[in-house]
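A.B. asks: Predicted model, plus sequence, below.
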Amino acid sequence: MPLKERLIGDPAAEIRVQTFLKGEPITTLAKGRVYVVVFWAIWCAPCKAAIPHLTALQLRHPQVPVIGVAVDWTDLGEIAAFVRDQGDAIGYRIAADLPLSPGERQGTMGRTWCQAAYNTAVPTAFIIDRDGRIAWIGDPLESDDPLAAVVEGRWDLAAAREKQEAVLQRDKVRELRRLEETIERHLAAGDRTGLLQAYDVAFAADPGLEPLRGLDKFALLLATRHAAALDYARHLIGVVVADQIGPLIRLGTMLAKAAEQGTPAPDRPPAAANLALSAFTRAEALFGEGTDTITRVILADTAARALLVVGRTAEAADRARAARALAPAAFALEPDIDLAATISQLDQLVAHCDAAAGRRDGATCRLDEA
C-alpha cells in the first residue's frame, strides 16, 4: 500500500510503540497540548550528542512532553541498557518503535512519521501543535525557536508548509522516492534489465533526476555492460554532471578504481583511466577559493592512481605528493578518519609512483605490480 504523505500542516500519525522505557507512557496526542517527538538510534553519535539539549528543552517546557522514539533496532535489551546507563542525563520520555514484523528493523512510527515526511535521518524532531498537526520537522538542536513559537501561538504554519514544499520540489524528493521504490522492486526480483529500464524511463520523464541518480545507473552498467558503462560515463562527464564537482570526482574515482582492477576490460584498462582523468580535469577546472582541502586531497590521490594506469608516472608522482602534503591539514580535525593510516597509505602511493617513474618513465604500472 502506498504510504500517505504527512507533511507540515497535516495531522500527526499515531503514537504506536512497543514499549516505553522511561517516563509515563503516552498513547495518544491530546488536543490542546504541544508535543515534541524525536526519532533517534543508539548507534547514532549525533543522537547521543542531542541528549543534553533535549533534557534542557524538557526542563524549559515542562508542559510539553518530549518523547524520544528509538528506531532501527533489533535488540530491545540494548536500548533498555543504554537508557539505564544514561540515568538522569535523559530527562524526557523514551520509547522503542513498534517493529512492522518480528525481528524487522523497520518500525511503525519510523514509517508513518519519518518516511511519510520524506525524512529518515536521525536524529529528527517533530513538533506537534495543539490541534494535533505537524508544525515543524528538523534537527533537535534547532528546535528551540520553533517550539517557543508554537507554544506561544505565534508559529506561521502556512509559511512552514510552503517552505517544506519548496524543498520537496527543488530536490525532486517525491520523484526520487518513486524511482527508489521501483528500483527496490527490480532488485528484489533480480531483474537487472528492468532495473536499467527503470532508470531510463525515469530520466526520460524527468531529466532533472539524471544528475541525482545517474551515477547509480553507471555503477550498474559497470558491473554488467562494460562498453555501455564507458559510453555512459562520457555522457555523464560531458553533459549530465559537467558542472558539478562532487559527482565528477565520485565518477572519476569509480572509473579509476575500475581501471586499476581491469574491470571494464582487462586488456584495455587505460580507457577507464583516461575517462577518470577527464572527469578530474573538469572537476578541477571548477575549483574555487571555497573548495575544501579534503576534496583536493581525494582528487589528487585518485588522479595519481589513474595516471599510473596510463603510464604517466611522473605526473602521478606529482599528484601523489600533492595529496600527501595536503592530507595532514585536511584530515586533522576529522574524527572518523585515521590520520596515521591515511598518511601511511599516501606515503606508499608516493613510493609506488616514484618507483614507477624511476624504472622507465612513461611505462604502464599497476599499483599491485609496484
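C.D. replies: That came through fine. Numbers count the residues shown, from 1 in each chain.
A.B. asks: For the residue nearest to Asp292 when sequence neighbours are not counted, which residues are in contact?
C.D. replies: In this structure, Asp292 finds its nearest non-sequential neighbour in Ala330, 7.7 Å apart by Cβ to Cβ, 6 or more residues apart in numbering. The way it works is simple: take the backbone N, C-alpha and C, and place the C-beta from them, glycine included. Going by Cβ atoms under 8 Å, 6 or more residues apart in numbering, Ala330 touches Asp292, Thr293, Ile294, Arg296, Val297.
A.B. asks: Select only the buried ones of the residues you listed in ChimeraX?
C.D. replies: The ChimeraX command for the buried members of these (criterion: 16 or more other Cβ atoms under 10 Å) is given here:
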select :296,297
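A.B. asks: Using CSV, please lay out the contacts of Ala330 together with pLDDT and distance to Asn274.
C.D. replies: Shown next, in CSV, are these (pLDDT from 0 to 100; distance: Cβ to Cβ, whole Å):
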residue, pLDDT, distance to Asn274
Asp292, 94, 27
Thr293, 95, 27
Ile294, 95, 25
Arg296, 96, 21
Val297, 96, 22
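A.B. asks: Just the contacts of Ala330: which are in helices?
C.D. replies: If you go by DSSP state H, the contacts of Ala330 have Thr293, Ile294, Arg296, Val297 in helices.
A.B. asks: What is the nearest of the residues you listed to Cys47?
C.D. replies: Cys47 lies nearest to Ile294 out of the ones in helices among the contacts of Ala330, by Cβ to Cβ, at 24.5 Å.
A.B. asks: The closest one contacts Phe331, correct?
C.D. replies: Yes - Ile294 is in contact with Phe331 according to Cβ atoms under 8 Å; the separation is 6.9 Å.
A.B. asks: re the thing from before, report the two of the ones in helices among the contacts of Ala330 separated the most.
C.D. replies: Using Cβ to Cβ, the ones in helices among the contacts of Ala330 span at most 7.3 Å, a distance reached by Ile294 and Arg296.
A.B. asks: still on that earlier bit, next, format the contacts of Ala330 as JSON lines and append distance to Leu346.
C.D. replies: Shown next, in JSON lines, are those (distance: Cβ to Cβ, whole Å):
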{"residue": "Asp292", "distance to Leu346": "17"}
{"residue": "Thr293", "distance to Leu346": "14"}
{"residue": "Ile294", "distance to Leu346": "13"}
{"residue": "Arg296", "distance to Leu346": "13"}
{"residue": "Val297", "distance to Leu346": "8"}
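A.B. asks: Tell me the one of the contacts of Ala330 nearest Leu147?
C.D. replies: For the contacts of Ala330, the residue nearest Leu147 by Cβ to Cβ is Asp292; the value is 33.2 Å.
A.B. asks: gap between the two ends of stretch 44-60?
C.D. replies: Distance between the two ends of stretch 44-60: 25 Å, counting by Cα to Cα, to the nearest Å.
A.B. asks: nearest to Leu76, of the ones in helices among the contacts of Ala330?
C.D. replies: Leu76 lies nearest to Ile294 out of those, by Cβ to Cβ, at 38.7 Å.
A.B. asks: Please name the nearest non-neighbouring residue to that closest one.
C.D. replies: Of all residues not flanking Ile294 in the chain, Ala330 sits nearest, at 4.7 Å (Cβ to Cβ, 6+ apart).
A.B. asks: I'd like the distance from the one you found to Ala285, if you could.
C.D. replies: For Ala330, the distance to Ala285 equals 21 Å [Cβ to Cβ, to the nearest Å].
A.B. asks: Equivalent analysis for Ala332, please.
C.D. replies: Per Cβ to Cβ, Ala332 is found 28 Å from Ala285.
A.B. asks: same question, Gln86
C.D. replies: 50 Å.
A.B. asks: try Pro335
C.D. replies: 32 Å.
A.B. asks: Of these two, which one has the most company?
C.D. replies: Ala285 (10 against 6; other Cβ atoms under 10 Å).
A.B. asks: and whichever helix or strand Ala340 is part of, what other elements does it pack with?
C.D. replies: Using DSSP states H and E, Ala340 sits in helix 339-359. If contacts are counted by 3 or more Cβ pairs under 8 Å, 6 or more residues apart in numbering; DSSP states H and E, helix 339-359 sits against helix 293-309, helix 313-331.
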